[in-house]
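>>> coordinates for the following, if possible.
(4 chains)
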2 protein chains.
Amino acid sequence: MEELTKKQRAILDYMKAHVSEHSYWPSIRDIQAKFRFASTNGVYGHLQALERKGVLQRIPGAARAYKIVPEVLGDTSETVIRYEGPGDDAIAFENVKFAGSIAAGFPDYTESSGVLDSMQVPLSPGSRRRAPESFALRVRGDSMIDADINDGDTVIVEPGTPKHGDIVAALIDGETTLKRLIKQGSKVYLKAENKNYPDLIPTSSLTIQGIAKSVMKRI
Amino acid sequence: MEELTKKQRAILDYMKAHVSEHSYWPSIRDIQAKFRFASTNGVYGHLQALERKGVLQRIPGAARAYKIVPEVLGDTSETVIRYEGPGDDAIAFENVKFAGSIAAGFPDYTESSGVLDSMQVPLSPGSRRRAPESFALRVRGDSMIDADINDGDTVIVEPGTPKHGDIVAALIDGETTLKRLIKQGSKVYLKAENKNYPDLIPTSSLTIQGIAKSVMKRI
DNA sequence: CTTGACAGTGAACAAGTTTTCATCGAACAT
DNA sequence: ATGTTCGATGAAAACTTGTTCACTGTCAAG
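The predicted structure is shown next:
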């Protein structure tokens, strides 16, 4: 896939953020104002580029109507798996304490998960922030509904080496997605828990940010 | 809150479904076509009604731009309810930060998380400890299975004044239980979300420790 | 019977938005 | 030098969409 230019990426991010915040898409003029274009046509070109590069789908003629195209699938071959912490947009749980019990028999998360345990983690080089142990991600989209992980849920992700069948947060084409990891011999791919979605076969490299251990739902 | 008419409900549902499927809102004319109105004004009236009844927020002038206001179960009655924090043995989540989201798609239109937001809470009077913001409880038993809260799950409980229909952590006879709070006129009782369990009608007093806002499940 | 609220028609308007057209300068390869 | 692409301007066209106005029918309450 063609790479996005810096401005295209910025515009795409802004659009996503706008949707996330306001629950509706920005108009071209909204984007124009945000990026101080003198003409709507400046934006227009970028939107065309975003569509041509396959990351955004416009609905012709309709106002404030777009779709984000989930990134593409590539060819199958042996894949290099890289492990990496959460991206910039995923800020960690910090110092999450969990202790005590109520009315007998409080959970023993210390052994079984460790997710909620407060933990001192060494600083990553060059970083002032403490390296996060676990982090939370808000789920959007419905690609995991068959695993009962739905839009709006929050998953707690732990770094680690995933096994076959684990649900992982993976970085594909610059975007974090939540999928089930399938290892078949030397082949590795990601499977959405939704029959309507195709498998995601990584092109060259696959970056795993961590393993989803828990899911948190609003009541 | 005012009840929605059948058609208003249908329209609201259609709008939600449209967003869910297409990731952008329908225009008034889309709705008109769907419900075979002969005039856009038929839809317009319903949208006004939906806004007046507080379940939908329109963005004036903007096309395909709405927000869904989370619906609340009404009924405010006055009852002898005491509110109390968690017991000594249930220690709070502290400084839980949250940010970021996963993949692209449309946002959660029902509600935002909030639960996990870090928050400074003022000291309660006479207390040196900071009042805990939220705390976690491990669920035992199957009294809430119809609300999809199962044995072994963890619920995040926030202090606050519960409304009719909220799931609350209540202290009854010295034990904390998780039940749905039902207010009917002046009567207040607790309802298990499991048909095999009877309602729990408090004898003298009812102590609410907080409102269950989220449930956390192991994957 | 009348009144008023509710739901709807039909048409038109005004504003919001996308899209097209003509043009320009800089970067860049031919 | 020359053509090409890219990012941008400025203006205008064309379409989409929310909004308003005038009017009709229904139905229940007073």
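>>> mind jotting down where the strands sit in chain A?
For chain A, applying DSSP state E gives strands covering A:56-58, A:66-68, A:80-83, A:135-139, A:154-158, A:167-172, A:175-184, A:187-191, A:205-218.
>>> for the fifth one, packing partners?
Yep, that's strand A:154-158 we're talking about. Judged by 3 or more CB pairs under 8 Å, 6 or more residues apart in numbering or on different chains; DSSP states H and E, strand A:154-158 is in contact with strand A:135-139, strand A:167-172, strand A:205-218. (Glycine included, C-beta is placed from N, CA and C.)
>>> what helices and strands are in contact with the last one?
In terms of contact count using 3+ CB pairs under 8 Å, 6+ apart, strand A:205-218 is assigned the packing partners strand A:80-83, strand A:135-139, strand A:154-158, strand A:167-172, strand A:175-184, strand B:206-218.
>>> just the closest residue of chain A to DNA strand C, please.
Chain A approaches DNA strand C most closely through residue A:28 (3.0 Å), counting by CB to the nearest atom of the strand.
>>> and that residue, what pLDDT?
Predicted confidence (pLDDT) for residue A:28: 91.
>>> repeat that for residue A:208.
Per-residue pLDDT puts residue A:208 at 72.
>>> do you know how far it is from DNA strand D?
With distances taken as CB to the nearest atom of the strand, to the nearest Å, residue A:208 is found 31 Å from DNA strand D.
>>> what's the answer for residue A:18, then?
In this view, residue A:18 and DNA strand D are 17 Å apart by CB to the nearest atom of the strand.
>>> which residues of chain A lie near DNA strand D?
Residues of chain A lying near DNA strand D by CB under 7 Å from any atom of the strand: A:5, A:7-8, A:37-42, A:45-46, A:49, A:61-63, A:65.
>>> which ones, among the residues you listed, also lie beside chain B?
Contacts with chain B within the residues of chain A next to DNA strand D, as defined by CB under 8 Å from any CB of the partner chain: A:62-63, A:65.
>>> by neighbours, which of the residues you listed wins?
The most crowded member of those, judged by other CB atoms under 10 Å in any protein chain shown, is residue A:65 (20 neighbours).
>>> may I ask you to name the longest helix in chain A?
Counting residues, the longest helix found in chain A (DSSP state H) is helix A:6-22.
>>> what residues of it count as buried?
For helix A:6-22, a neighbour-count test (16 or more other CB atoms under 10 Å in any protein chain shown) marks A:8, A:11-12, A:15-16, A:18-20, A:22 as buried.
>>> which one of those residues is nearest residue A:32?
Nearest to residue A:32 among those, counting by CB to CB, is residue A:11 at 10.3 Å.
>>> what is the neighbour count of residue A:163?
Neighbour count for residue A:163, taken as other CB under 10 Å: 10.
>>> returning to that earlier point: out of the residues of chain A next to DNA strand D, which comes closest to residue A:154?
Closest approach between the residues of chain A next to DNA strand D and residue A:154, by CB to CB: residue A:65, at 27.9 Å.
>>> show me the contacts for the closest one.
Contacts for residue A:65 (CB atoms under 8 Å, 6 or more residues apart in numbering or on different chains) come out as A:25, A:58-59, B:22, B:24, B:64.
>>> pick out the most distant pair among those.
Maximum pairwise distance in those, criterion CB to CB, is 13.2 Å, between A:58 and B:64.
>>> for chain A, what helix or strand is lowest in average pLDDT?
Least confident helix or strand of chain A, by mean pLDDT, DSSP states H and E, is helix A:109-112 with a mean of 23.
>>> how's chain A carved up into domains?
With domains defined by automatic domain parsing, chain A comprises A:6-68, A:80-216.
>>> looking at the ones you listed, which has the lowest confidence?
Of all the domains of chain A, domain A:80-216 carries the lowest average pLDDT, namely a mean of 54.
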